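Enquirer: Build me a model:
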Amino acid sequence: MADAPILVLAATGGQGSAVTEALLDRGARVRALVRDPKRTAARRLAARGVEVVAGSLDDLSSLTAAMAGTRGIFALTTPFEAGTDAEVAQGRAILAAAREARVPHLVFSSVAGTEQASGVPHFDSKARIETELAAGDVPYTVLGPTYFFDNALGGADHIRSGVLDLPLPADRPLQQIARTDHGVFAAQVLLNPAPYLGRRIELAGDAPTPAEMAAALSTALGRKVHHERVPLAEIGNPDMHAMWAFLNGPGYQVDIPALHAAHPEVGWTSFAEWADRAFGSAS
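Expert: Modelled structure (predicted):
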C-alpha cells in the first residue's frame, strides 16, 4: 500500500496543516478531511494535489468513507467546541470508522501528561480515547505533544505591545513544541509505522521559562517584551484553570534530551528560533 494515500483529519487546522505539509514535503499522497472543501484553505490543498473530501470528526459515515483505501490516518479530537463528552464521542467515531475501514495504522494526536492523573478535563478525555484505542484491534501510535509555541500567537497583539502574559512564575520552565516539529514527527511515523506500532511518545522541543520566552520575543521584535504573571484566579474557564494549575505543579515530564537524541532528524525548533520566524519580520 506504499502508493495509497494517508488521510489527515481536520487537515486545515493547526496540527492537521502541519502534518499535511510535512507529508507533502516527503512526496506522500495525502487525502484531507475538511468540513467545507469550498473554503480557501481547502482549495489551496486541492491545488497542490491533495485529495480533499468533506466530513467531520463526529460523522461515522463520512469518516469511514474517507478512510477507505488509505495506508494510515492522522487523527485528533477537540473538546473546545462542544466539550469533553463530545470529544470522547469524536474519538469513538474515529475508532469505529477505522475498524470498519480496516485502517492499517492510526496515529492519534493526544497530549502529554494524560498518564499523570492531572485532573485536566481535556487531558482526561484524551486519556479515555487512548484507553479505548489500546483495547481495540486497530494498529496505532499515540503522540503526546506538550504546549505549542504557536499558542503564543493568540496573544500576538499583546506581545507586540510589549507584554507576554502567562499564568506561570517567570522562572518556571514550560515544555513546548513547534507545530511544524510535531508535523514532521507525525509524518515520519505515518510513513514508517513499524518502529512505532503500539507506542505512546510524548513530544517537546524546548522548555523555556516565561522570562526566557520574553527575552527571545524581545530579540525577535527588536523591542522590549516583559512577562506578566496572570493570577490563576483570573482564569475563569475550568478546563484552562485546571491545565495551568497542572503546569504550575508537576507539569509535563518529557525527557527532552533523550527524545532529541533518539530523533535528531526532526531538527527540534527552539522557542527562540520559533519566535524569530513568527515575530522577526514585525517592527
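Enquirer: all helices for the stretch 1-150 of the chain, in order.
Expert: 14-25, 40-47, 60-67, 84-101, 121-135 (DSSP state H, counting those that start in this stretch).
Enquirer: Please write out the alpha-carbon positions of the third one in CSV.
Expert: What follows is helix 60-67 as a C-alpha-only set of coordinates in CSV (Å, rounded to 0.1, in the frame of the first residue of the first chain):
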residue,chain,number,x,y,z
LEU,A,60,-19.1,8.0,11.3
SER,A,61,-20.2,7.6,7.6
SER,A,62,-18.0,10.4,6.3
LEU,A,63,-15.1,9.1,8.4
THR,A,64,-15.4,5.6,7.1
ALA,A,65,-15.7,6.7,3.5
ALA,A,66,-12.6,9.0,3.9
MET,A,67,-10.6,6.2,5.4
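Enquirer: Now do that helix: distance to the chain's middle.
Expert: Distance of helix 60-67 from its chain centroid, counting by C-alpha atoms, centre = their mean, to the nearest Å, is 22 Å.
Enquirer: Buried ones in it, by neighbour count?
Expert: 62-67 (16 or more other C-beta atoms under 10 Å). Using the backbone N, CA and C atoms, a C-beta is placed for each residue, glycine as well.
Enquirer: now swap in the fourth one and tell me
Expert: By neighbour count, with 16+ other C-beta under 10 Å as the criterion, the buried positions of helix 84-101 are 84, 86-98, 101.
Enquirer: Could you export the helices of the stretch 1-150 of the chain as CSV, including distance to His227 and mean pLDDT?
Expert: Shown next, in CSV, are the helices of the stretch 1-150 of the chain (distance: least, C-beta to C-beta, whole Å; pLDDT from 0 to 100):
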stretch, distance to His227, mean pLDDT
helix 14-25, 24, 97
helix 40-47, 33, 95
helix 60-67, 42, 95
helix 84-101, 30, 95
helix 121-135, 25, 96
